[in-house]
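Q: model the following, please.
(2 chains)
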2 protein chains.
Amino acid sequence: MRLADLGERSGVPLATVKYYLREGLLPPGRRINATQAEYDESHLRRLRLVRAMIQVGRIPVATVREVLAHVDDDSLGLTVRLGAALWALPHPAGEAPGAPAEVAGPSREAAGPSRETAGPSRETAVDPHRAAADLLVDELLARLGWSAARELGALSPAHRALVTTLATLHRLGYPLDADDLLPYARTMEQAAAHDLDRMEQLPTPREQTEYAVASAALFEPVLLNLRRLAQCEESNRRYGL
Amino acid sequence: MRLADLGERSGVPLATVKYYLREGLLPPGRRINATQAEYDESHLRRLRLVRAMIQVGRIPVATVREVLAHVDDDSLGLTVRLGAALWALPHPAGEAPGAPAEVAGPSREAAGPSRETAGPSRETAVDPHRAAADLLVDELLARLGWSAARELGALSPAHRALVTTLATLHRLGYPLDADDLLPYARTMEQAAAHDLDRMEQLPTPREQTEYAVASAALFEPVLLNLRRLAQCEESNRRYGL
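A: Next up, the predicted model:
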């Protein structure tokens, strides 16, 4: 199909399609003469994925490019290919406000006898909230029997982001324990199995990796809004409309 | 406690505490003389909530102010108070790329006979993807027995955001069906019940509403990273490390 057809079939404005081509997010079509190129179903599939990553997943263009480089790397085996593509996705972490490095020094405006005398040693001390979060994630993974996740540990961006978020919540006075997290983790385990079952129905490793990326990045707003709806429903059930 | 103690106990830098005071996100302390004010545990709790909403939940300051205005409105009954605070939170929606309004007009660069002839009527036509998403959400809520969510329908921002996201995924060639969504929704239902059980243990409606906001806004990065970890674990289980 021609470029205009590609835009029309995908619902993506032509100017945007051209932008993706220039940025290398979409591979060039097959030249048929000096001014025209031919695009096929793989371009359409890729265009939809790119558009969804950027618009639904809110993933920056540079990150999309990095993820796609792994998706397209036919030299990788499926495991490494999947892992590399998924690990390159953004992992939302609750950053650690008030972590030791961020604590303000003694302030001129601190009235009365200041207790902010811990000084620079505080900067290098072990963060007790992070230590608690580390222990919690370790307990959770052990109880789940997720041995690969335990082995990979902080190498995995999802592991790091989870620890950081739990450390932040702990620091802010919202501690969670393994019993809070287990039912969520079990559901995510079932969902992941379902995802891979679907993925395996696709014919090529490239399409399989594209599917895994789409599912990881795009399903999140669905999940979060289902949660909000459930909260509203349960509140109405208990306290009336 | 004094302002400096408030900063120290919360781990929030003093300059940030002062900024929150100026912005009205934190109520003023009780004046004890011309230069000093006294703060209590409710200030500490509020400071932690504000910090977490902004840093973990990435919620804009103006939105935090709006949410807190509902949290603090003692004139409201619990249901409306909870509802108003939760509905004021941001609801991440996959925006609708390529929705009719966004389709580019006929382009000078469209080679060959252009098929972009639908013209302005296209702008007002019913979007088939949105119609499909509407039907899907309706089927899902009926099967779940979530009658309040059905009744409120598009009044609820979570409902609107869910439909928009599913319409976008449908348009981009990633259609979901009710069987895909049901297990997620059921888990979220259990989680919401658990959340409200915990909330009810708190002594005052204000603290209960604060807890509900914290849980809605702050638990999301935890959930998303558990999902990524589960995907990695399942992939390693099937295809080896």
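Q: now the strands for chain A?
A: With DSSP state E, the ranges of strands along chain A come out as A:30-31, A:37-38.
Q: and the first one, which strands flank it?
A: By that I understand strand A:30-31. strand A:37-38 (antiparallel) (DSSP bridges).
Q: count the neighbours of the residue lying closest to A:R46 once chain neighbours are set aside for me.
A: Nearest residue to A:R46, sequence neighbours excluded (C-beta to C-beta, 6 or more residues apart in numbering or on different chains): A:L26, at 5.7 Å. C-beta here means a position set from N, CA and C on the backbone, and glycine is covered the same way. Neighbours of A:L26 under the rule other C-beta atoms under 10 Å in any protein chain shown: 23.
Q: what lies in contact with the longest helix belonging to chain A?
A: Among the segments of chain A that qualify as a helix by DSSP state H, the longest is helix A:178-199. Residues outside helix A:178-199 that contact it (C-beta atoms under 8 Å, 6 or more residues apart in numbering or on different chains): A:136, A:139-140, A:143-144, A:146, A:208, A:211-212, A:215, B:180, B:183-184, B:187, B:190-191, B:194, B:222-223, B:226-227, B:229-231, B:233-235, B:238.
Q: follow-up on the earlier one: a markdown table please, covering the strands of chain A and showing mean neighbour count and mean pLDDT.
A: Listed next are those as a markdown table, based on neighbours: other C-beta atoms under 10 Å in any protein chain shown; pLDDT from 0 to 100:
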| stretch | mean neighbour count | mean pLDDT |
| --- | --- | --- |
| strand A:30-31 | 10 | 94 |
| strand A:37-38 | 15 | 94 |
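Q: low-confidence stretches in chain A?
A: Applying pLDDT under 70 to chain A picks out residues A:94-125, A:241.
Q: distance of the spatially most central residue of chain A from chain B?
A: For chain A, the residue nearest the mean C-alpha position is A:H91 (3.8 Å; C-alpha atoms, centre = their mean). A:H91 sits 6 Å away from chain B, going by C-beta to the nearest C-beta, to the nearest Å.
Q: who's in contact with that residue?
A: By C-beta under 8 Å, 6+ apart, the contact list for A:H91 reads A:P157, A:A158, A:R160, A:A161, B:L224, B:N225, B:R228.
Q: before we move on, what about A:G57?
A: A:G57 is in contact with A:L89, A:A217, A:L218, A:E220, B:G94, counting by C-beta under 8 Å, 6+ apart.
Q: just among those residues, which is most surrounded?
A: Neighbour counts for the contacts of A:G57 (other C-beta under 10 Å) peak at B:G94, which has 26 neighbours.
Q: where do the helices sit along chain A?
A: Per DSSP H, chain A carries helices over the ranges A:3-10, A:14-22, A:41-55, A:61-71, A:78-87, A:121-124, A:128-144, A:147-152, A:157-171, A:178-199, A:205-218, A:220-239.
Q: briefly note if the second one comes near chain B.
A: To tie it back to what came earlier, the one meant is helix A:14-22. Yes: residues of helix A:14-22 are located near chain B by C-beta under 8 Å from any C-beta of the partner chain, namely A:L14, A:A15.
Q: could you check the angle that helix makes with helix A:3-10?
A: If you take axes from the mean of the first three to the mean of the last three C-alpha atoms, to 10 degrees, helix A:14-22 sits at 110 degrees to helix A:3-10.
Q: so how far is helix A:14-22 from its chain's centroid?
A: Taking C-alpha atoms, centre = their mean, to the nearest Å, one finds helix A:14-22 lying 25 Å from the centre of the chain it belongs to.
Q: for the fifth one, same thing?
A: Average the C-alpha atoms of helix A:78-87, do the same for its chain, and the two points are 13 Å apart (C-alpha atoms, centre = their mean).
Q: likewise the fourth one?
A: On the basis of C-alpha atoms, centre = their mean, helix A:61-71 is displaced by 13 Å from the centre of the chain it belongs to.
Q: contacts for stretch A:153-168 next, please.
A: Taking C-beta under 8 Å, 6+ apart as the rule, stretch A:153-168 contacts A:87, A:91-97, A:127, A:129-130, A:132-134, A:136-137, A:149, A:152, A:176, B:52, B:55-56, B:221-222, B:225-226, B:228-229, B:232.
Q: show me what counts as buried in that stretch.
A: Along stretch A:153-168, these residues count as buried under the neighbour rule (16 or more other C-beta atoms under 10 Å in any protein chain shown): A:156-168.
Q: how close does A:H159 sit to B:A191?
A: Separation of A:H159 from B:A191 (C-beta to C-beta, to the nearest Å): 22 Å.
Q: about what we covered before: between the contacts of A:H91, which is closest to B:Q36?
A: Nearest to B:Q36 among the contacts of A:H91 is A:A161, at 40.7 Å by C-beta to C-beta.
Q: the closest one and A:I59, how far apart?
A: From A:A161 to A:I59 the distance is 15 Å (C-beta to C-beta).
Q: quick one: A:L21 from A:A15, how far?
A: Distance, A:L21 to A:A15, by C-beta to C-beta: 11 Å.
Q: wait, what's in contact with A:Y211?
A: Taking C-beta under 8 Å, 6+ apart as the test, what A:Y211 contacts is A:R198, A:M199, A:L202.
Q: if we go to 6 Å?
A: Contacts here follow C-beta atoms under 6 Å, 6 or more residues apart in numbering or on different chains; on that basis A:Y211 touches A:M199, A:L202.
Q: any idea how far it is from A:A217?
A: Taken as C-beta to C-beta, the span from A:Y211 to A:A217 is 11 Å.
Q: about what we covered before: save the buried residues of stretch A:153-168 as TSV, and put in distance to A:V64 too.
A: Formatted as TSV, these follow (distance: C-beta to C-beta, whole Å):
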residue	distance to A:V64
A:S156	21
A:P157	16
A:A158	19
A:H159	23
A:R160	21
A:A161	19
A:L162	23
A:V163	26
A:T164	23
A:T165	24
A:L166	28
A:A167	29
A:T168	27
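Q: return the member of those residues nearest to B:M1.
A: Among the buried residues of stretch A:153-168, A:T168 lies closest to B:M1 (C-beta to C-beta), at 22.5 Å.
Q: just to revisit the earlier point, tell me how far the longest helix of chain A lies from the chain's centre.
A: A distance of 15 Å separates the centroid of the chain from that of helix A:178-199, by C-alpha atoms, centre = their mean.
Q: CA atoms only for that helix - export them in CSV, please.
A: Extracted C-alpha coordinates of helix A:178-199, given in CSV (Å, rounded to 0.1, in the frame of the first residue of the first chain):
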residue,chain,number,x,y,z
ALA,A,178,3.6,-9.1,52.2
ASP,A,179,0.0,-10.0,52.9
ASP,A,180,-1.1,-6.7,51.3
LEU,A,181,0.9,-7.4,48.2
LEU,A,182,0.4,-11.2,47.7
PRO,A,183,-3.1,-11.2,46.2
TYR,A,184,-2.1,-8.5,43.7
ALA,A,185,1.1,-10.4,42.7
ARG,A,186,-0.9,-13.6,42.3
THR,A,187,-3.3,-11.9,39.9
MET,A,188,-0.4,-10.5,37.9
GLU,A,189,1.1,-13.9,37.7
GLN,A,190,-2.1,-15.3,36.2
ALA,A,191,-2.3,-12.4,33.8
ALA,A,192,1.3,-12.9,32.7
ALA,A,193,0.6,-16.6,31.9
HIS,A,194,-2.4,-15.6,29.9
ASP,A,195,-0.4,-12.9,28.0
LEU,A,196,2.3,-15.4,27.1
ASP,A,197,-0.3,-18.0,26.0
ARG,A,198,-1.6,-15.4,23.6
MET,A,199,1.8,-14.4,22.5
